[in-house]
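A.B. asks: prediction below, plus the sequence it came from.
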Amino acid sequence: MTGHKRTKLLATLGPASARPEVLDAMIAAGLDAVRLNFSHGTHEAHAANFAMVRAAAARAGRPIAILQDLQGPKIRIGKVKDGGIDVPTGSTLTITTHELEGDAGRVSTTYAALPRDVRPGLRILLDEGRLCVEVREIHGEDVVCDVIDGGRLSSNKGLSVPGATLTAAAMTDRDRDDARFGLGLGVDLVALSFVRRASDVTDLRQLMTSLGRVVPIIAKIEKPQAIENLDEIVAVADGVMVARGDLGVEVSLEMIPAHQKHIIARANRAGKLVITATQMLESMTDNPIPTRAEVTDVANAILDGSDAVMLSGETAVGKYPVETVRRMAAIARTTEETLYPFGERVRDAVEPGAPGSTSRDDFACVAAHLAASATHEIDVAAIVCLTRTGRTAMLLSDERPRAPIVALTADPSVQRWLALYWGVVPHLTDQLPDLPRLLAWAAAALPAAGLAGPGDTVVSVLGGDTAPGATHSVRIATLGAEP
């Protein structure tokens with residue numbers, strides 16, 4: 001359908017956008033999901049923003065997914081005198097785990113294990129790599145460093161050690177408390193920062209299970225160890241985020257494009273959600289139009305296979321949050337209409353009898369493939385599917401059909417997180433109808449939503465998970481025609 005955007009837009013809520021009128025305008029401009037960044041703000045502020053998003057979604061009449069982003073073991077320096085100090089190139093800087101106010105030549109860190117995890121010769125990056133020091137020697141709580149690239153160092157700036165295996169767990173006590181709070185609020189997905197191994201993801205899922213509410217987990221790939229263990233992480237996570245900010249500090253900048261393509265490809269092949277993030281339209285934090293390079297970057301992330309692209313500071317603290325969303329939506333639509341390779345399945349096909357496959361997997365995949373294939377043979381306005389768990393819609397999304405995937409579900413939580421999947425337009429129903437009633441629903445609802453009209457062809461898919469005894473069914477029909 002002309003003008004229909006398949007790639008989803010995720011934006012971070014912050015002081016610039018956490019107002020009802022701004023949020024309403026962002027949703028109207030094409031926003032599909034909101035990120036609550038738990039690295040900043042209080043629980044009370046996040047609760048207010050959560051309620052604001054739910055109210056805005058109700059006004060817009062469509063689901064807006066809410067992603068809780070946990071801070072993770074972000075390693076920072078402590079407070080420094082007057083909020084900032086000069087660290088000259090060629091000087092000595094001691095980083096200590098002893099709590100103190102930093103001054104010339106000496107700063108503290110919040111990471112107690114730093115003296116144990118580093119060794120002489122390793123380089124430590126401060127403030128996203130703007131400053132670089134090299135470890136000379138270690139004395140108890142003190143890590144004595146030579147300053148390779150100096151500069152101005154402010155309070156609470158990040159600290160990273162490329163090449164070191166830090167022993168900090170992916171979830172801190174604060175993260176566990178934040179996760180309990182977010183799950184209690186009702187967030188739709190949770191992003192886990194600084195994932196290094198599969199057990200980091202399963203630890204969070206175990207916490208969710210103990211709390212009685214399990215939602216999709218998005219593993220943020222921003223450490224070299226995560227790239228080394230990528231397949232095992234992808235296998236246990238519900239999705240991944242290509243978190244290019246911290247990843248760009250941990251690996252050489254020249255490798256970011258290669259890592260991005262590799263991460264997206266591996267997640268695509270496993271049928272997992274992919275979000276590409278960080279500095280996508282960074283210049284629009286201060287300017288009303290993006291750079292040509294940023295436009296190309298967004299387009300390439302879409303062509304790489306991203307389900308969603310994310311805005312961070314651009315909408316959290318930027319001057320033009322609504323225009324940024326509008327611009328990103330326009331880039332997505334234009335890229336899809338002019339360049340997108342529709343019909344190229346991104347997920348690896350399930351081979352019958354392969355280890356871990358079941359007849360249910362085989363039938364579901366075949367039904368999705370048949371439905372999507374029909375859209376390339378005939379002019380189809382929409383694919384309409386029934387799904388209880390969201391799986392049928394997810395499999396259809398992996399087929400990358402040109403027609404929108406209208407997913408009908410009785411579960412509000414499934415409806416909301418499906419809003420992040422490529423090409424999926426989720427709708428809520430009181431109960432899942434059978435195939436004839438599904439076509440009747442489509443004839444009434446699709447014209448009202450501007451997705452199809454009388455006489456248009458639709459492909460309907462009934463998922464085998466919709467009801468006890470249900471089977472996978474695919475049907476091609478014309479809206480308004482007698483069944």
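C.D. replies: Here it is on my side, so go on.

A.B. asks: helices of the stretch 101-250 of the chain, start to end?
C.D. replies: With DSSP state H, counting those that start in this stretch, the ranges of helices along the stretch 101-250 of the chain come out as 114-117, 173-185, 198-211, 224-228, 230-236, 244-250.

A.B. asks: for the last one, give the mean pLDDT please.
C.D. replies: This predicted structure assigns helix 244-250 an average pLDDT of 87.

A.B. asks: which SSE is immediately downstream of it?
C.D. replies: helix 256-269 (DSSP states H and E).

A.B. asks: picking up where we left off before, same list, the helices of the stretch 101-250 of the chain, but as CSV with mean neighbour count and distance to residue 287 please.
C.D. replies: C-beta: built from backbone N, CA, C; applies to glycine. Below are the helices of the stretch 101-250 of the chain laid out as CSV (neighbours: other C-beta atoms under 10 Å; distance: least, C-beta to C-beta, whole Å):
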stretch, mean neighbour count, distance to residue 287
helix 114-117, 18, 38
helix 173-185, 17, 33
helix 198-211, 16, 37
helix 224-228, 18, 33
helix 230-236, 18, 35
helix 244-250, 20, 20
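
A.B. asks: which of those has the lowest mean pLDDT?
C.D. replies: helix 244-250 (a mean of 87).

A.B. asks: and the helices of the stretch 101-250 of the chain as a markdown table, adding distance to residue 427?
C.D. replies: Formatted as a markdown table, the helices of the stretch 101-250 of the chain follow (distance: least, C-beta to C-beta, whole Å):
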| stretch | distance to residue 427 |
| --- | --- |
| helix 114-117 | 50 |
| helix 173-185 | 24 |
| helix 198-211 | 26 |
| helix 224-228 | 35 |
| helix 230-236 | 29 |
| helix 244-250 | 33 |
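
A.B. asks: which SS state does residue 297 fall under?
C.D. replies: State at residue 297, reduced to three classes by DSSP: H, G, I helix; E, B strand; the rest coil: helix.

A.B. asks: I figured it hits residue 280, correct?
C.D. replies: Yes - assessed by C-beta atoms under 8 Å, residue 297 is found in contact with residue 280 at 6.2 Å.

A.B. asks: where in this protein is pLDDT low?
C.D. replies: Within the chain, the segments meeting pLDDT under 70 span 1-3, 349-361, 432, 435, 463-471, 481-483.

A.B. asks: who's residue 462 bridged to?
C.D. replies: Note on residue 462: beta-bridge partners by DSSP bridges are residue 386, residue 473.

A.B. asks: report how many residues lie close to it.
C.D. replies: Using other C-beta atoms under 10 Å, residue 462 has 24 neighbouring residues.

A.B. asks: again with residue 188
C.D. replies: That count, for residue 188 with other C-beta under 10 Å as the rule, works out to 24.

A.B. asks: that one contacts residue 414, correct?
C.D. replies: No - using C-beta under 8 Å, residue 188 and residue 414 do not qualify as a contacting pair, with a distance of 9.4 Å.

A.B. asks: for residue 164, find the nearest of the helices of the stretch 101-250 of the chain.
C.D. replies: helix 114-117 (5.5 Å; C-beta to C-beta).

A.B. asks: the residue nearest to residue 295 when sequence neighbours are not counted and residue 62: what is the separation?
C.D. replies: Among residues not flanking residue 295 along the chain, residue 331 sits closest, at 5.7 Å (C-beta to C-beta, 6 or more residues apart in numbering). Look at residue 331 and residue 62: by C-beta to C-beta, to the nearest Å, they are 21 Å apart.

A.B. asks: ok, these two, which is more surrounded?
C.D. replies: Neighbour comparison, residue 331 and residue 62: the larger count goes to residue 331, with 25 against 17 (by other C-beta under 10 Å).

A.B. asks: cool, thanks, talk later.
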